[in-house]
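Chemist: Provided below for reference: sequence and predicted model.
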Amino acid sequence: MRVIRKRELPPLLRAIHDPPARLYLRGEGDAALLARPAVAIVGARACSAYGAQVARMLGRELAAAGVVVVSGLARGIDGEAHRGALEAPGHTVAVLGCGIDRDYPAAHMSLARSIAGRSLIVSEYEPGVEPAPWRFPARNRIIAGLCAATVVVEARERSGALITADFALEEGREVFAVPGEITSTLSAGANALLRLGATPLTKAADVLESLGLEPPPPAEPEGGPLLDLLPATADELVRKTGLSTGEVTAALAELDVAGLAKEGDGIYRRLA
């Protein structure tokens, strides 16, 4: 474990209205990692399969372009963003709302170890501090403060992800929102951000462009083999491939986000 004081904080974090007095660091990454171009990816804990796939894809593609992916180690969108960055391979920083010695939630202990093995876990709280509801909004200001931009993938109304977005907006940082279904409560918060002027995000390149970075060479989406079976419905793809409904849904979501397939009247059609 290492500790950096306020004067040693990375410039973006030191510039926020209420920077932490100190930051505890755990992991193999160098403290200089916190000063590299970074993007926060946040959203719902109980996310949809589509949201999980988008968060993982964004984490992977942003990390592959050299961006540090920052999130809060929570279930759902946060965890998928971290996993995507680790797949790149790339760097990801997890910000805790409890003592630096805790892996919270406990279900993400293995993920936390993977992050620490390559990058960093950080907290403003010393070892032994228990997680508490009021500590997570405070944690969110650090997530936003470390980053030049914040991406909200899925968020309900009054979601913690919206608190992170508010902190980012207050500091003059760019906020992106992934558009969601207008009938889905999971997308209510993200769609509200779009109405308030957040930048719509349809691909990782949207964020990279705002940072002045070039996207890496495109890789074939995980659902690429399904392209040869289109046009088809999701049920037909399940029967033809032997994959589970969840696996097919996730693969189709990635093809949709990549602009390679589109759904209409229940039928997925190839676009490329």
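Modeler: Looks like it arrived, so ask away. Just so it is clear, the structure is predicted and the values come from calculations on it, not from any experiment.
Chemist: from here on, contacts and neighbour counts on C-alpha atoms
Modeler: OK.
Chemist: which residue ranges of the stretch 1-150 of the chain form helices?
Modeler: With DSSP state H, counting those that start in this stretch as the criterion, the stretch 1-150 of the chain has helices at 11-14, 49-64, 77-87, 109-118, 135-145.
Chemist: and those helices, which one's lowest on average pLDDT?
Modeler: Per-stretch mean pLDDT for those is lowest at helix 49-64 (a mean of 92).
Chemist: circling back to that earlier point, export the helices of the stretch 1-150 of the chain to CSV and tack on distance to Leu213 and mean neighbour count?
Modeler: Formatted as CSV, the helices of the stretch 1-150 of the chain follow (distance: least, C-alpha to C-alpha, whole Å; neighbours: other C-alpha atoms under 10 Å):
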stretch, distance to Leu213, mean neighbour count
helix 11-14, 18, 18
helix 49-64, 10, 26
helix 77-87, 17, 27
helix 109-118, 23, 18
helix 135-145, 20, 24
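Chemist: select, out of the ones you listed, the one closest to Leu237.
Modeler: helix 49-64 (16.7 Å; C-alpha to C-alpha).
Chemist: could you say what helices and strands the closest one packs with?
Modeler: Secondary-structure packing of helix 49-64 (3 or more C-alpha pairs under 8 Å, 6 or more residues apart in numbering; DSSP states H and E): strand 68-71, helix 77-87, helix 204-211, helix 245-257.
Chemist: could you redo the last one with a cut-off of 7 Å?
Modeler: When contacts are defined as 3 or more C-alpha pairs under 7 Å, 6 or more residues apart in numbering; DSSP states H and E, helix 49-64 packs onto helix 77-87, helix 204-211, helix 245-257.
Chemist: now do the buried residues in the longest one.
Modeler: Neighbour-count burial for helix 245-257, counted by 16 or more other C-alpha atoms under 10 Å, picks out Val248, Thr249, Ala250, Ala251, Leu252, Ala253, Glu254, Leu255, Asp256, Val257.
Chemist: closest one of those residues to Thr183?
Modeler: Nearest to Thr183 among the buried residues of helix 245-257 is Ala253, at 17.4 Å by C-alpha to C-alpha.
Chemist: pretty sure the closest one contacts Gly51?
Modeler: No. Counting by C-alpha atoms under 7 Å, Ala253 does not reach Gly51; the two are 8.7 Å apart.
Chemist: can you give me the neighbour number for Gly172?
Modeler: Residues lying near Gly172 (other C-alpha atoms under 10 Å) number 12.
Chemist: state the helix or strand in which it lies.
Modeler: Under DSSP states H and E, no helix or strand contains Gly172.
Chemist: could you measure from the closest residue to Cys98 other than its chain neighbours over to Ile4?
Modeler: In space, and not counting its chain neighbours, Cys98 is closest to Pro131: 4.5 Å by C-alpha to C-alpha, 6 or more residues apart in numbering. Distance of Pro131 to Ile4, given as C-alpha to C-alpha, to the nearest Å: 21 Å.
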